[in-house]
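In: coords please:
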Amino acid sequence: MTTPKEYVQSWLDVSVDVDEQQGSHSDHAAVQRSAYNLVSAAREHGFSKEQIEAELEGDVKTYIRASIDRQNAAEDTRLRDDPQ
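Out: Predicted coordinates for the structure are as follows:
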C-alpha cells in the first residue's frame, strides 16, 4: 500500500515539470496550483490534505517548493560540472 508521502513523490515526479519551474523561485501561483492539483488528486486516492501534511511534516506548498528547488540545484550542478 502506498503511503501519502510516496504518493506525493510519485505525483511530483509525473506532474511537475521542473524545467518549467527553473529559475522561477518567485512563482508562488504555480506552486499554489500544483499544491491544489496534488491535494485534489490525492483525495481521489483516499488521502486527505491533513494526512499528507502530517506525513510530510509540513505544508504541501512548502514541500513542493523545496522539491523544485532541490531538483533545480541538482540540475544547476550538473550543468556546471558538464557544460556540454
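
In: quick one: contacts for the residue sitting nearest the centre point of the chain?
Out: The centroid of the chain falls nearest to residue 64 when counting by CA atoms, centre = their mean (3.2 Å). Residues counted as contacts of residue 64 (CB atoms under 8 Å, 6 or more residues apart in numbering) are 12, 16, 31, 34, 35, 38. Any C-beta I mention is one placed from the backbone N, CA and C, and that applies to glycine too.

In: lowest-confidence entry in those residues?
Out: Ranked by pLDDT, the contacts of residue 64 bottom out at residue 16, which scores 81.

In: compute the distance between that residue and residue 81, please.
Out: 24 Å (CB to CB, to the nearest Å).

In: who has more neighbours out of these two?
Out: residue 16 (19 against 7; other CB atoms under 10 Å).

In: next up, phi/psi of the more buried one, please.
Out: Backbone geometry at residue 16, expressed as degrees, to the nearest 10, gives phi -110, psi 120.

In: for the chain, what spans make up the helices?
Out: Assigned by DSSP state H, the chain shows helices spanning 4-15, 18-21, 28-44, 49-56, 60-81.

In: which of the ones you listed has the lowest average pLDDT?
Out: helix 18-21 (a mean of 57).

In: do you know how far residue 78 is from residue 51?
Out: Distance from residue 78 to residue 51, by CB to CB: 34 Å.

In: more crowded one of those two?
Out: Counted by other CB under 10 Å, residue 78 and residue 51 do not tie: residue 51 has more neighbours, with 16 against 10.
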